[in-house]
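S.K.: generate coordinates for the sequence data below:
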Amino acid sequence: MKNYKITIQYDGTDFSGWQKQKFQKSIQGTIEEKIKIITKEDVNLIGAGRTDAGAHAIGQVANFYLEQEINFSKFLYSLNSLLPESIFIKDIEVVNDEFHARFDAKKRKYIYIIRNSKNPFYQKYSYLYKNNLDIKKLNNYAKYLIGEHNFFNFCKETEDVKHYNCIMYKLQFHKYNDLIIVELLANRFIYGMIRTTIGTLLKFHDNNLPAELLLEILNLQNYNPFKQFIVPAQGLILKKVYY
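M.R.: Coordinates of the predicted model:
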């Protein structure tokens, strides 16, 4: 049995997210189904990041085990031919038996795209936020979240999460013409963390709140007045996974 690692790009607009769910069309389930058609083997695709419904990826990583050896070029051609246009397998390689796409990842980089005006070309890949945004002000807020913190107040509670401590290496806003790109790099992201974090920072910006209040949100249990303001998933893109 061999352990195969693949790099995946996808437009998540029409999917329920990465993770396989009953009666829902997921990225994981769609790829597993097509691999089975080619190999006649059931596989369990392990993804590095469980992206939300409607979120996208240009550098998702996953691994799976097969009894048989495969011809890489032939396998990629066949798999990409069967997959919908919204999913593309960019690369494949054999890795050691112990490799685990999720647990072995050291860092994950995401970007989030915000647009200030209507643009049909970015509609599926960005969030339309009409308020004028001060990048310098947003980055001043963002620096308070850099480092190791308990991000409980910036996440959705899930049963399989043992703790909410994450190391945020980078959280920065950049402006490109009428687009604002948020770059995030951390050792791990918990369910809802990115979208809640960006939503909270936007609310701080709009309400001109003191940045020190972010420290209170980090340190107090069950306290984030803006936790319900979660930015839409379509602006979220998994860019790269580091091992």
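
S.K.: for the protein, which segments count as strands?
M.R.: Using DSSP state E, the strands of the chain run over 2-10, 46-47, 56-66, 87-95, 107-115, 127-128, 147-150, 165-176, 179-186, 236-242.

S.K.: nearest to Q221, out of the ones you listed?
M.R.: Proximity to Q221, assessed across the strands of the chain by C-beta to C-beta, is greatest for strand 147-150 (9.0 Å). Every C-beta, even on glycine, is put in place using the N, C-alpha and C of the backbone.

S.K.: if I look at S126, how far off is I35?
M.R.: 31 Å (C-beta to C-beta, to the nearest Å).

S.K.: sorry, slip of the keys, the one I care about is N139.
M.R.: N139 is 42 Å from I35, where distance means C-beta to C-beta.

S.K.: how is this protein carved up into domains?
M.R.: 2-95, 107-242 (automatic domain parsing).

S.K.: in the chain, what helix or strand scores lowest on average pLDDT?
M.R.: helix 213-219 (a mean of 92; mean pLDDT, DSSP states H and E).

S.K.: just checking, what packs against that helix?
M.R.: Where contact means 3 or more C-beta pairs under 8 Å, 6 or more residues apart in numbering; DSSP states H and E, helix 213-219 is packed against strand 147-150, helix 193-207.

S.K.: any idea how far the last one is from the chain center?
M.R.: In other words, helix 193-207. 17 Å (C-alpha atoms, centre = their mean, to the nearest Å).

S.K.: name the residues of that helix that are buried.
M.R.: Neighbour counts over helix 193-207 (16 or more other C-beta atoms under 10 Å) mark 193-202, 204-205 as buried.
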